[in-house]
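>>> the following block contains a protein sequence and its predicted model.
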Amino acid sequence: MSEFAVIQTGGKQYKVKAGDEIKIEKLFGPERDVSYKEGDKIVFDKVLLVDNGSDTTIGTPFIASAMVTATITKIGRLPKIDVIKYKQKSKYFKKNGHRQPYFQVKIEGLK
């Protein structure tokens, strides 16, 4: 059985194990005006649960000593979503588009 962890980032929770590639919300660097680049290393310290096959550790809410390391493999944007507001018989029509940015990260290891 393989080791896995549940991490929290971007207001969402992800079940990850070493070698996984996941898409997460865009992250900002240590200072708000500095952003990450492809190839940068990230450390997720908000670990909610760790399971190594024989023992499970659950945080309250986080595990203090646990961390997950990852590398950014791709920075991109999802396909465009059209947001339309319409009221019939009143000549009211608004259309906006939105492309959500994301990071694709490869999980390197669990500690």
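Yes, it's here. In this text, all values refer to a predicted model and were calculated from it rather than measured experimentally. Numbering: from 1, shown residues only.
>>> next, count neighbours for the residue nearest to Tyr86 when sequence neighbours are not counted.
Leaving aside its sequence neighbours, Tyr86 sits nearest to Phe93 (Cβ to Cβ, 6 or more residues apart in numbering; 5.2 Å). C-beta here means a position set from N, CA and C on the backbone, and glycine is covered the same way. Phe93 has 10 neighbours, counted by other Cβ atoms under 10 Å.
>>> so how far is Arg77 from Phe93?
26 Å (Cβ to Cβ, to the nearest Å).
>>> mind listing the strands in this protein by residue range?
Secondary structure of the chain (DSSP state E): strands at 4-9, 12-16, 21-25, 41-44, 47-51, 56-58, 68-77, 81-87, 92-98, 101-110.
>>> and Ser35, which of those strands is closest to it?
Nearest of the strands of the chain to Ser35, taken as Cβ to Cβ: strand 68-77 at 8.8 Å.
>>> other residues contacting that closest one?
The contact list for strand 68-77 (Cβ atoms under 8 Å, 6 or more residues apart in numbering) reads 5, 7, 16, 21, 26, 36-44, 47, 99-111.
>>> in PyMOL, how would I select the buried members of those residues?
Buried subset of those, written as a PyMOL selection, criterion 16 or more other Cβ atoms under 10 Å:
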select buried, resi 5+7+16+36+42+44+47+102+103+105+107+110
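>>> most centrally placed residue in the protein?
In the chain, the residue lying closest to the centroid (Cα atoms, centre = their mean) is Ile24, at 2.6 Å.
>>> wait, what's in contact with that residue?
Taking Cβ under 8 Å, 6+ apart, one finds Thr9, Gly10, Lys12, Tyr14, Tyr102, Phe103, Gln104, Val105 in contact with Ile24.
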